[in-house]
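Novice: I'll drop the sequence and a predicted model, then ask my questions.
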Amino acid sequence: MKNFLTIIFRLTASCLVAGLIMGTTFVLTNKAKKANEHAREQKVVFALLGYSGGQEIPESMGMHELYRYVVTDGEGQSIGYLLPVGEHGQDGGFSFVRIGLDGSFLNQTSVPVSEENVRDQGERDKAIQAALGGDKTIRFTDQTIVVTDHGQRTAYLLSGKFPGFKTNIAIILALDPEYSVIGLEVMEHEEDPGLGAEIEQDYFKNQFKYKPFEKIKSIEVAKKPMPDEYFAALEGNVDEAAADDIMQQYRDQDIYALTGATISSVAVSSGVKGMTRKFAYRLDLLDNVLEQQQIAVPF
Amino acid sequence: MSNDKTSLQLVTNGILKENPIFKLALSMCPAVGISTTVMNGIMLGLAVLFVQVFSSVTISLIKDFIHPRIRIPTYTLTIATWVTVIDLTLAAFFPVAYAKMGIFVKIIVAFAIITMRLEMFACKETVSDSFWDGIGMGMGFLLGMVTIGFVRELLGSGAIMGYDVLGFKPLLFFILPSAGFFVVGLMMGFFNWIETRYAQRKRGNA
Amino acid sequence: MKRLIRLILCAALPVFFGLTGAGQAAGLVAATEFGADNEIIVQFNTPVDPAEATDTQSYTVYEETDPDIRLTVSEVSLSTDGRQATLSFAEPLNTSVAHVVTLHDVGGVAETSFSVSKSYLGYLFSILISALLINNFVFTKYLGLCVFFGTSKRKQTAKGMGVVFTIVIVVAVSMSWVLFQYVLKPFNLDYLQIVIFIGLTSLTVQAVDTVLRKVNPILFKSFGVYLVLVIANCVIIAVPLLMASNEYNYFETFMLSLGAGGGFLLALYLMSSVSERLELARVPASFKGLPIAFIVAGQFAMAFLGFSGLQLF
């Protein structure tokens, strides 16, 4: 019996110590993790917008985050956007704008949430839920950053996730106001090295660059070898003027598939296609509603 | 039981005589799975080194406190704790490298090599000896991973640590996922061959 | 041996058949399914008016995750008996997500909604096949290799290890699922995953050990030795981690663990069959033992690559 008690006591003591160590590490690293993730995203975003390597970011540039939710209540579903309100240059807090499935305006609720907390999904969900009341359930779907310069929109940054060959592929996609692609960055993937993992290489992802919306809408993957000059231009091995020329020339071409990784190539291009099309459709509806209801937004 | 080996002997023992990858053939999963680059090898090797050293020292510190009947659960708990610590730390401070290693950091918890060293060494020896033994085993694993990573990266993508050194890709096959088995098998065979040759020559000289 | 396999089958079958019972709700619509890659087929209980049923305006279709994006129905054709409508879409459908179809003013019903998805049973089966073959943990994820090379020298050992491993993994992962779903997730304790999952595995191993020793000493004699090895197998920790990151429900988790265990058994059996013959072959001295085993495993891995992209459902 005494034996039994000592075992229990020692095991409990070890568990407590172990729990203490793990808990402390979690608390210590969690903040750093979030900060690092945010910093990495920020770096990618600036690189996509063309401010890589220490280039100064103009002060007139603004970034406005737009969070999309699907709201379900007794009557059915609707789409909600959490967006910053107020004219350019003034802070009006955040508002949750609900739009019906057919694109009609439903209502607007002010959400008291700070600029810091809005980035954290848990805090954000809590604030929106509190503002909406208990009878509605919300589900976060995606977020978009609208980039402005002097109050004029210059780009949209979309983050999205779709299934690749092995697991999900997460990307950030930069679009210009006409929904043409500015750039694409692969954030997370677990594709096979040497095959599907090549999606993060310049010669694959830069193919999407400058593709117009009309082309992206119906983009396909071509299983043929990539011409040498195009490869060189995509990798940045030729001077800028020549590269621009070549890129223009291949603007309306389909995406060249990666050798031995057609499934990964198709996954990325149809992912980009779907994201762009859905975003364009939704943003038009949202803009329409914002204009009709005269909701002032900084973008 | 006391141990008459010096700390240097303990370290070299782990690196050469009882190398976890090439000699003991334990903890092979990452050696096959993610040894495609030198960088991966270094990162995971350091993680294993950390877990091995900390677990060895912890067990050696509390060896009088462990009840013999719950020895194994205590080892598991110790290893799991240190794996969690290194997992959280890597995820927070090296997110890009961590993403490349996928599930393999968490899987250190099931590595036979660590439990084996705790059972065979740390629970009997002094703290400092356990420390050096941990360093030896961890370094042995790290060097093994780096060697495989070096061969695969150089031959597979013509680069070392991400820097293009050859300018062409001699054997793309080496970097493909299933080639890990071949590379490890060929290297093991190669080391065996060197060893027999070495032994023969020694005998010839004597 | 046979008894054990029968035991596993007995546990798995009710789960299969219990799920087939779920069908479409009664009413106007009898059944729905995906047709060709841009078609949805709707079966009606009673014949419907062709004028109503072939009007593309009578249907609104969207993917369950994107309720605001309506898919355009380009054409509807009705079978001659008026009981089957085929909806054609301008674009191929993404059949991996459920589609919600709403009918307006067809067959005297003002509005009715139903969801079209691939059969859930097929989905569960695809998880099983995926863990068993396409993403075989040994040959395509390179996990559990220490135990794999250690116990694949004899067919007898391979079978014993594989079966014991399958049982332990199914039990341990089921418990992990319960704990993950009801304790770790609600209380935000995700960082304790590793400790909890490995702890539950040790517990299962200990429990099986104790029970088997008492209940069937003969069985224990032949299988007991493998129990200790289970804990040193990386797959046992990889499966619950995978389950947690994919947020599987219980049936999916069950299928995943069954597939992982079965896949390990399959890999061991294949490898041991080759190993037994390898002993008779003339292998260069330096390659005897592990090196040649690795090269054989590499060939298996390449063969298993052939399963990638396999889609049954």
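Specialist: Happy to help now that I have it.
Novice: near chain C, which residues of the stretch 51-200 of chain A?
Specialist: A:70, A:77, A:79, A:99, A:101, A:103, A:141, A:163, A:165-166 (CB under 8 Å from any CB of the partner chain). Heads up, the C-betas are built off the backbone N, CA and C, glycines and all.
Novice: again, only using 10 Å
Specialist: A:68, A:70-72, A:76-79, A:99-103, A:122, A:139, A:141, A:162-163, A:165-168, A:192 (CB under 10 Å from any CB of the partner chain).
Novice: of those, buried ones?
Specialist: Buried members of these, scored by 16 or more other CB atoms under 10 Å in any protein chain shown, are A:68, A:70-71, A:77-79, A:99-101, A:162, A:165-168, A:192.
Novice: Which members of those residues are the farthest-apart pair?
Specialist: Farthest apart among these by CB to CB are A:G100 and A:D192. That separation is 43.8 Å.
Novice: List the buried residues for the longest helix anywhere in chain B?
Specialist: In chain B, taking DSSP state H as the definition, the longest helix is helix B:127-157. For helix B:127-157, the neighbour count (16+ other CB under 10 Å) marks B:129-157 as buried.
Novice: Kindly report the same for stretch C:29-43.
Specialist: C:29-30, C:32, C:34, C:39-42.
Novice: Over to stretch C:188-201?
Specialist: C:189, C:191-201.
Novice: what do you get for stretch A:108-119?
Specialist: Buried residues in stretch A:108-119 (16+ other CB under 10 Å): A:108, A:111, A:113, A:118-119.
Novice: which residues does the residue in the stretch 1-150 of chain C that chain B sits nearest to contact?
Specialist: Nearest to chain B, among the residues of the stretch 1-150 of chain C, is C:Y142, at 3.6 Å (CB to the nearest CB). Going by CB atoms under 10 Å, 6 or more residues apart in numbering or on different chains, C:Y142 touches B:28-35, B:104, B:177-178, B:180-181, C:136, C:148, C:234, C:297, C:301.
Novice: Return the distance of it relative to chain A.
Specialist: Applying CB to the nearest CB, to the nearest Å, the value for C:Y142 to chain A is 12 Å.
Novice: do C:V178 as well
Specialist: For C:V178, the distance to chain A - CB to the nearest CB - is 20 Å.
Novice: The helix or strand where that residue lies packs against which elements?
Specialist: Assessed by DSSP states H and E, C:V178 sits inside helix C:155-179. Contacts defined by 3 or more CB pairs under 10 Å, 6 or more residues apart in numbering or on different chains; DSSP states H and E place helix C:155-179 against helix C:2-20, helix C:145-150, helix C:193-215, helix C:217-230, helix C:235-246, helix C:250-278.
Novice: Next, count neighbours for residue 161.
Specialist: This is for chain A. By other CB atoms under 10 Å in any protein chain shown, 15 other residues sit near A:K161.
Novice: that's the wrong chain, I wanted chain B
Specialist: B:M161 has 12 nearby residues by other CB under 10 Å.
Novice: shouldn't it be in contact with B:T37?
Specialist: Yes: counting by CB atoms under 10 Å, B:M161 does reach B:T37; the two are 7.6 Å apart.
Novice: for chain A, which spans come out with low pLDDT?
Specialist: Applying pLDDT under 70 to chain A flags residues A:1, A:53-55, A:75, A:87-91.
Novice: Look at the most centrally placed residue in it and give its secondary structure.
Specialist: Per CA atoms, centre = their mean, the C-alpha nearest to the average position across chain A is that of A:S159, at 1.3 Å. Classification of A:S159 by DSSP: H, G, I helix; E, B strand; the rest coil places it in strand.
Novice: hang on, the earlier thing: same list, the helices and strands packed on helix C:155-179, but as TSV with mean pLDDT and distance to C:V168 please.
Specialist: Shown next, in TSV, are the helices and strands packed on helix C:155-179 (pLDDT from 0 to 100; distance: least, CB to CB, whole Å):
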stretch	mean pLDDT	distance to C:V168
helix C:2-20	50	12
helix C:145-150	85	12
helix C:193-215	88	5
helix C:217-230	80	5
helix C:235-246	90	7
helix C:250-278	94	8
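Novice: picking up where we left off before, and chain A, which of the buried residues of stretch C:188-201 contact it?
Specialist: Cross-checking the buried residues of stretch C:188-201 against chain A (CB under 10 Å from any CB) gives C:189, C:191-192, C:194-195, C:199 as the overlapping residues.
Novice: any chance of those residues in CSV, with distance to chain B too?
Specialist: Below are those laid out as CSV (distance: CB to the nearest CB, whole Å):
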residue, distance to chain B
C:L189, 11
C:Y191, 6
C:L192, 7
C:I194, 5
C:V195, 4
C:G199, 7
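Novice: And these, which two are furthest apart?
Specialist: Distances among those were taken as CB to CB; the most separated pair is C:Y191 and C:G199, at 14.3 Å.
Novice: Which residues does the least confident helix or strand in chain B by mean pLDDT contact?
Specialist: Counting by mean pLDDT, DSSP states H and E, chain B has its least confident helix or strand at strand B:163-164, which shows a mean of 78. Here strand B:163-164 makes contact (CB under 10 Å, 6+ apart) with B:157-158.
Novice: That strand pairs with which strands, and in what direction?
Specialist: Using DSSP bridges, strand B:163-164 pairs in its sheet with strand B:159-160 (antiparallel).
Novice: ok, C:S79 to C:A53 distance?
Specialist: Separation of C:S79 from C:A53 (CB to CB, to the nearest Å) stands at 10 Å.
Novice: which one of the two has more residues nearby?
Specialist: C:A53 (23 against 15).
Novice: The buried residues of stretch A:108-119 in strands, which ones?
Specialist: A:108, A:111 (DSSP state E).
Novice: Nearest to chain B among the buried residues of stretch A:108-119?
Specialist: Using CB to the nearest CB, the buried residues of stretch A:108-119 come closest to chain B at A:R119, 16.3 Å.
Novice: Surely that closest one is in contact with A:M63?
Specialist: No: using CB under 10 Å, A:R119 is not in contact with A:M63; the gap is 11.7 Å.
Novice: need the residues of the stretch 201-313 of chain C near chain A, please.
Specialist: Residues of the stretch 201-313 of chain C lying near chain A (CB under 10 Å from any CB): C:242, C:245-246, C:305, C:308-309.
Novice: These also near chain B: which ones?
Specialist: Counting by CB under 10 Å from any CB, the members of these near chain B are C:242, C:245, C:305.
Novice: export these to JSON lines and tack on neighbour count?
Specialist: Formatted as JSON lines, those follow (neighbours: other CB atoms under 10 Å in any protein chain shown):
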{"residue": "C:L242", "neighbour count": "22"}
{"residue": "C:S245", "neighbour count": "13"}
{"residue": "C:L305", "neighbour count": "16"}
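Novice: Nearest to chain B among these?
Specialist: Taking CB to the nearest CB as the measure, chain B lies nearest C:L305 of those, at 6.0 Å.
Novice: Would you check how far apart that closest one and C:L128 are?
Specialist: Remark: distance between C:L305 and C:L128 (CB to CB) = 20 Å.
Novice: repeat for C:L229
Specialist: Applying CB to CB to C:L229 and C:L128 gives a distance of 24 Å.
Novice: can you give me the strands for the stretch 1-150 of chain A?
Specialist: Assignment of strands within the stretch 1-150 of chain A using DSSP state E, counting those that start in this stretch yields the ranges A:61-73, A:76-84, A:94-99, A:105-111, A:137-149.
Novice: Please dump those into JSON lines; it should also carry distance to chain B for every row.
Specialist: Shown next, in JSON lines, are the strands of the stretch 1-150 of chain A (distance: least, CB to the nearest CB, whole Å):
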{"stretch": "strand A:61-73", "distance to chain B": "21"}
{"stretch": "strand A:76-84", "distance to chain B": "26"}
{"stretch": "strand A:94-99", "distance to chain B": "28"}
{"stretch": "strand A:105-111", "distance to chain B": "29"}
{"stretch": "strand A:137-149", "distance to chain B": "19"}
